[in-house]
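>>> Make a model of this:
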Amino acid sequence: GVTADGDIGIVSVFELETAMAFYHFTAIKTDINVIEVGLGGRLDATNIITPLISVITPISLDHVAVLGDTIGKIAGEKAGIIKPGVPVVASPQVPDAIAVIRATAESNKSELTESHSAVAIISSTDHGFDGIELELGVGDRSLQTRLHLLGTHQVDNTRTAVAVLQQLSNGGVPIDFGAIGEGISAVKWPARNQLVSRHPNPVFVDGAHNGASAHALRKTIEQLFPERRGVVLILGTVRGHDPSAVARELASLKPRIIVTESRHPKSLTGIELAEALSECKITTTSRTTSTQLALEQAHVLAGDGDVILATGSLFVAAEIIEIEHGIEPELYPDIKTPPHNLLSSTVRQN
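Residues are numbered from 1 along each chain as shown. Down below sits the predicted model:
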């Protein structure tokens, strides 16, 4: 086994999978790899590499028990991926975060590109559920594309991606500028601000799992469903995240909340989630033991003009998509499937 020598401690699943991935990329001789940090950055298993470029997306409070309880502390962990002399691209950040990133880049003599300065929005046309037409300014050139990902925050993500590609091109990586627009227009991202079905009520899912992502989700719902009558919220989270932060950000939608749990082994149970929200004075309408039951309950509660919103984790979002689209779930012997015939008899109407 991997711990047989007794000199490296216990190897986590993520560490083992990271090593397997790096070995695979080497074996098949990939041209370029996008490596995403698992948690934080400085001490993450992926941080053994020296990349062509480092990218830091928006920093918010998350995993505070591990990364620290302030934006500055978390930024310090995230900025740990910055390597001496390696260029860095940063998405728009709150002041405490960008201050740490700038200082770390300077100390490592790494060129820092801030995406919102490097990639300008020349024009944009919002087509609702059909996406956003964009004309972006990159240096002395303009890039026209259509972004099908929903939510204004995805425009920021697009600008970051374009800034990264421009920096890679500057560094000698051959990139066809025209292909960037084609690539952006082809991007699909399941379970991220996805309209799963329209009738009898719209079912919308997203993997928001912290306050910042829930804030972006709320803005998207307000933008896409301005005529909504109400919101039925299916909420399920995994351990290590603060479910109350998500619920508080969505509170202005005045949702009726159905708490649930996914098949994931780290999922909070419906009982645990309901108790966590109750401690924060957040009222839940019902408690279920599976996403199947939660969706059934949501359809019962939803009236004309209501939106059904499922969020809290990608696992919950994915299971709702499976159910609505009739996709056979990917099950493994060691994952316990929640019984689909159990539903809390306690239902409180708001």
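
>>> In the stretch 251-350 of the chain, where is pLDDT below threshold?
The stretch 251-350 of the chain contains residues with pLDDT under 70 at 333-350.

>>> Where do the helices of it begin and end?
For the stretch 251-350 of the chain, the helices defined by DSSP state H, counting those that start in this stretch occupy 270-279, 291-301, 314-325.

>>> angle of the first one against helix 291-301?
For helix 270-279 and helix 291-301, the angle between their directions (axes from the mean of the first three to the mean of the last three CA atoms, to 10 degrees) works out to 50 degrees.

>>> Number the chain from 3, please
Sure, I'll start counting at 3 from here, so that last one is helix 272-281.

>>> Could you list the low-pLDDT ranges of the protein?
3-10, 64-68, 335-352.

>>> All the helices of it, residue numbers only.
15-29, 66-69, 73-80, 97-109, 117-120, 155-172, 179-188, 213-226, 245-252, 272-281, 293-303, 316-327 (DSSP state H).

>>> picking that back up, do you know which of the helices of the stretch 253-352 of the chain lies nearest R148?
helix 316-327 (23.1 Å; CB to CB). C-beta coordinates here come from the backbone N, C-alpha and C atoms, glycine included.

>>> buried set for the closest one?
316-325 (16 or more other CB atoms under 10 Å).

>>> Kindly report the same for stretch 157-175.
Neighbour-count burial for stretch 157-175 flags 157-170 (criterion: 16+ other CB under 10 Å).

>>> Could you dump the residues you listed into JSON lines and include distance to G43?
JSON lines is the format used below for the buried residues of stretch 157-175 (distance: CB to CB, whole Å):
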{"residue": "V157", "distance to G43": "24"}
{"residue": "D158", "distance to G43": "20"}
{"residue": "N159", "distance to G43": "18"}
{"residue": "T160", "distance to G43": "22"}
{"residue": "R161", "distance to G43": "21"}
{"residue": "T162", "distance to G43": "16"}
{"residue": "A163", "distance to G43": "19"}
{"residue": "V164", "distance to G43": "22"}
{"residue": "A165", "distance to G43": "19"}
{"residue": "V166", "distance to G43": "16"}
{"residue": "L167", "distance to G43": "21"}
{"residue": "Q168", "distance to G43": "23"}
{"residue": "Q169", "distance to G43": "19"}
{"residue": "L170", "distance to G43": "20"}
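
>>> and of those, the nearest to T290?
Using CB to CB, N159 comes nearest to T290 of the buried residues of stretch 157-175, at 32.4 Å.

>>> I'd like the helices of the chain as CSV, with distance to H201 appended.
Below are these laid out as CSV (distance: least, CB to CB, whole Å):
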stretch, distance to H201
helix 15-29, 40
helix 66-69, 40
helix 73-80, 42
helix 97-109, 42
helix 117-120, 38
helix 155-172, 25
helix 179-188, 27
helix 213-226, 16
helix 245-252, 23
helix 272-281, 27
helix 293-303, 11
helix 316-327, 11
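
>>> Alright, calling it a day.
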